[in-house]
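Colleague: Below is the sequence, then the predicted model.
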Amino acid sequence: MSAPLLEVRDLTLGFTGRRGQPPLRILRDVNFSIARGERVGLVGESGCGKSVTGLALMRLLPATAQIGGTVTLDGADMARASAAQVRRMRGKKIAMIFQEPMSALDPVFPVGEQLGEALRLHETLPRAEEKARVVQALADVGIPAPERRYGEYPHQLSGGMRQRVMIAMALINKPDLIIADEPTTALDVTIQAQIMDLLRDLSERTGTALLFITHDLGVVAETCQRMITMYAGEIVEDAPVDDALRAPKHPYTSGLLRSLPHFNRERGQFAYIPGRVPAPNAMPRGCRFAARCPHAASACAEPQVLREIEPGRRVRCIRAEALDLDGAVERSPA
Amino acid sequence: MLNPLQRRMLTRRLLQTVPVLILATFSVFMLLKLLPGDVAITLAGENASAERIAEIRQNYGLDKPLLIQYATWAWNALQGDLSSSLLSGEEVTTTLARVFPNTLFIVCYAILISIVLGVPLGILAAARAGGLADRMVMLLSSIGVALPNFWIAMIFVVAFALNRTWFPATGFVSPFEDPLRAIWYATLPAVALAASGVAEVSRQLRSSLVEILQSQHFRTLHAKGLPFRSILWKHGLRNVSVNLLTVISLLVNRTLAATVVVEVVFAIPGMGNTIVNATLQRDFPVVQGAVLAMVLTVITVNLVTDMLYSVLDPRISQQ
């Protein structure tokens, strides 16, 4: 098998605290890889470190962030590259789509210029050809009348259209990997499905790998090939999406799946995980999920390692083999 | 060029200027009348008889009720007749045509300095927010804001005109006669006027830039791979241009007012000197004319500013 497109090894992330305060450790022992063209979902509750992982891969964190480990993207280490090298990688090798399309575009430049600018960074083109490429990029993401949209400002577009513009901008330099951080959370439900379909289609058509950061497990089920679950700054499970959904091996993944509302469950019954994610400065020594886990045992007080339990399946739970955990309930026979 | 919305705004704004003009000229007129002293006594000369003074008052209409005096002036002004100086007899419009360009020259020069120095300093401070350069710029700008213009003017005269004779201490050369000498003469007064301007522009620009650099769409620009240079100069400057325009517009108005003092220090034959002398002599047609011209200028500046807002920020013309 060829080398993966992205290989994250022992990624740690801390923020330097105020004077006299210890640094806040946000991520620990983050190890995963993404193959070319692969679509991976990164799931977990708010505050578990998924967004910050995406930003770390892009090196978009503030100066107070301290990154450890390696982030090898197509042979180059993003974690250690110079600012100029990182800049050349951004857009060309790795691009990002953000949650809020309302505020992610510059309000005082026409969208065509914002796309053209991205294109210009990596390619020198005659003006007319640049415009043609931008119009084509807008058309590719399903924006009607792209010539007219070219000269319009973000405030003249709907939320869904703006997210399409963001996608077009991320794709315009044909990057190898796109990180999509909750790309549909801020959109209407009907638009959400359109955008997800679009992203999956584009990924299949162009061979661009996708890292979906989301708390929407339905999105992962329909779009991704693999699912990585994060909890409290650690990866707790990494599995092919069907396995992860049907037979999760980590109690946290199982808890997330069981928390999904279901039509065939009794009315008024919401399953949920009790408690909340521990604060970064109050992490337990052992399993970070133990306090909320219905299956916790004495062995869980020891630090847990992410271990491979079968090829392509890793889990951070010492009891993984002993447990028979619930997955998502089948909605309808396929 | 103008869309219907902009045309409607322009009309509304022009109508709004009418009460402003009336209020400004009327209050100046009343203040002038409240001051002790009488131009008729000045005109009559020393040891004039009471009859002579009364006669002069009658000739100039100074014996009529104040409201009638104001109304007469306003009616004539409306027809473009600002009447004449009570003392020199020169038409006020002629006086204004002579002195106003001088003031505008100094003001434009000062504003130019404020922008040319203030904008790069503000950008530098914002780019190195929290660093040494930032703290230096902010310190200098605190000093610039705090020191009064006339004091800076006098220090400059002592330092650069008397101790080192780099610039002339006083006087003025019209830019229409000899542009180079005009710039040379106007430099000290313009710099004195610009000290607070540079401070104000750099300070305001820094704070709005620092804020915008934290915003979500600037993270997108970094994610695109845009160099910090373009992020700052292209997107940063463009995003804060509305704030910058507001600062500059306020600055123009304030600098216009500040010329009153600075022109006296440097003996510049401009609006400031004219207003000061005419006020001291109770030469009310001159004061009224000068104030009218100043108010009209301020109104024009504000109007142009408002029109420019919608050019700089595409969202504004939509509202």
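Modeller: Received, thanks. All values reported here derive from a predicted model rather than from experimental measurement. Residues are numbered from 1 along each chain as shown, chains lettered A, B, ... in the order given.
Colleague: Check the chain and tell me which residue is nearest its centre.
Modeller: All of this refers to chain A. The residue lying closest to the centre of chain A (Cα atoms, centre = their mean) is A:Ile213, at 2.4 Å.
Colleague: my question was about chain B
Modeller: Geometric middle of chain B (Cα atoms, centre = their mean) lands on B:Leu256, at 1.8 Å.
Colleague: Nearest residue to it in space, please, no chain neighbours.
Modeller: B:Val107 (5.6 Å; Cβ to Cβ, 6 or more residues apart in numbering or on different chains). Where you see a C-beta, it was placed from the backbone N, CA and C, and this is true even at glycine.
Colleague: Quick check: the gap between that neighbour and chain A.
Modeller: 29 Å (Cβ to the nearest Cβ, to the nearest Å).
Colleague: Now for that residue, how many residues are close by?
Modeller: 25 (other Cβ atoms under 10 Å in any protein chain shown).
Colleague: Would you confirm that it contacts B:Asn253?
Modeller: No: the criterion here is Cβ atoms under 8 Å, and B:Val107 misses it with B:Asn253 at 9.7 Å.
Colleague: Got the phi and psi for A:Met211?
Modeller: Slight slip there: residue A:211 is Leu, not Met. The phi/psi pair for A:Leu211 (degrees, to the nearest 10) reads phi -110, psi 110.
Colleague: what's the distance between it and chain B?
Modeller: 14 Å.
Colleague: sec struct for the residue nearest to B:Leu256, please.
Modeller: Three-state call for B:Val107 (DSSP: H, G, I helix; E, B strand; the rest coil): helix.
Colleague: quick one on the thing from earlier: okay, buried residues for the helix or strand hosting the residue nearest to the centre of chain B please.
Modeller: Per DSSP states H and E: B:Leu256 is located in helix B:241-266. Residues B:241-245, B:247-249, B:251-256, B:258-266 are the ones in helix B:241-266 that count as buried (16 or more other Cβ atoms under 10 Å in any protein chain shown).
Colleague: what helices or strands is it leaning on?
Modeller: helix B:92-127, helix B:149-156, helix B:179-213, helix B:271-280, helix B:284-312 (3 or more Cβ pairs under 8 Å, 6 or more residues apart in numbering or on different chains; DSSP states H and E).
Colleague: And the ones you listed, which one averages the lowest pLDDT?
Modeller: Note on these: lowest mean pLDDT is at helix B:149-156, with a mean of 85.
Colleague: list the helices and strands that one packs on?
Modeller: Identification of packing neighbours for helix B:149-156 by 3+ Cβ pairs under 8 Å, 6+ apart yields helix B:179-213, helix B:241-266.
Colleague: after the longest one comes which helix or strand?
Modeller: Going back to what we said before, that points to helix B:179-213. Defined by DSSP H and E, the subsequent element after helix B:179-213 is helix B:216-224.
Colleague: how about A:Leu24, what does it touch?
Modeller: A:Gly14, A:Phe15, A:Gly17, A:Pro280, A:Asn281 (Cβ atoms under 8 Å, 6 or more residues apart in numbering or on different chains).
Colleague: quick one: contacts for the fourth one?
Modeller: Spelled out, that is A:Pro280. A:Pro280 touches A:Leu24, A:Arg25, A:Ile26, A:Gly233, counting by Cβ under 8 Å, 6+ apart.
Colleague: tell me the phi and psi of it?
Modeller: With angles defined as degrees, to the nearest 10, A:Pro280 sits at phi -60, psi -30.
Colleague: Repeat that for the one 10 residues further on.
Modeller: Recorded main-chain torsions at A:Ala290 are phi -50, psi -40, according to degrees, to the nearest 10.
Colleague: Was I right to think it contacts A:Ser298?
Modeller: No: counting by Cβ under 8 Å, A:Ala290 stays clear of A:Ser298, with 10.1 Å between them.
Colleague: which one of these two has more residues nearby?
Modeller: A:Ala290 (18 against 7).
Colleague: Tell me who's in contact with that one.
Modeller: A:Pro284, A:Ala296, A:Cys300, A:Ala301.
Colleague: what about the third one, how many neighbours?
Modeller: The one in question is A:Cys300. Neighbour tally, A:Cys300, other Cβ under 10 Å: 21.
Colleague: check contacts around it.
Modeller: A:Gly286, A:Cys287, A:Ala290, A:Cys293, A:Ile318, A:Arg319.
Colleague: Out of the residues you listed, grab the one that's most surrounded.
Modeller: A:Cys287 (28 neighbours).
Colleague: Angles on the backbone of that one, please.
Modeller: According to degrees, to the nearest 10, A:Cys287 has phi -60, psi 130.
Colleague: Verify the contact between it and A:Val305 for me.
Modeller: No: taking contacts as Cβ under 8 Å, A:Cys287 lies outside contact range of A:Val305: 10.5 Å.
Colleague: got the residue ranges for the strands in chain A?
Modeller: Using DSSP state E, the strands of chain A run over residues A:6-15, A:24-34, A:39-43, A:65-73, A:76-77, A:94-97, A:177-181, A:209-214, A:226-231, A:234-240, A:307-310, A:313-315.
Colleague: got the ones you listed as a markdown table, with mean pLDDT columns?
Modeller: Listed next are the strands of chain A as a markdown table, based on pLDDT from 0 to 100:
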| stretch | mean pLDDT |
| --- | --- |
| strand A:6-15 | 93 |
| strand A:24-34 | 92 |
| strand A:39-43 | 96 |
| strand A:65-73 | 92 |
| strand A:76-77 | 91 |
| strand A:94-97 | 95 |
| strand A:177-181 | 95 |
| strand A:209-214 | 95 |
| strand A:226-231 | 96 |
| strand A:234-240 | 95 |
| strand A:307-310 | 93 |
| strand A:313-315 | 95 |
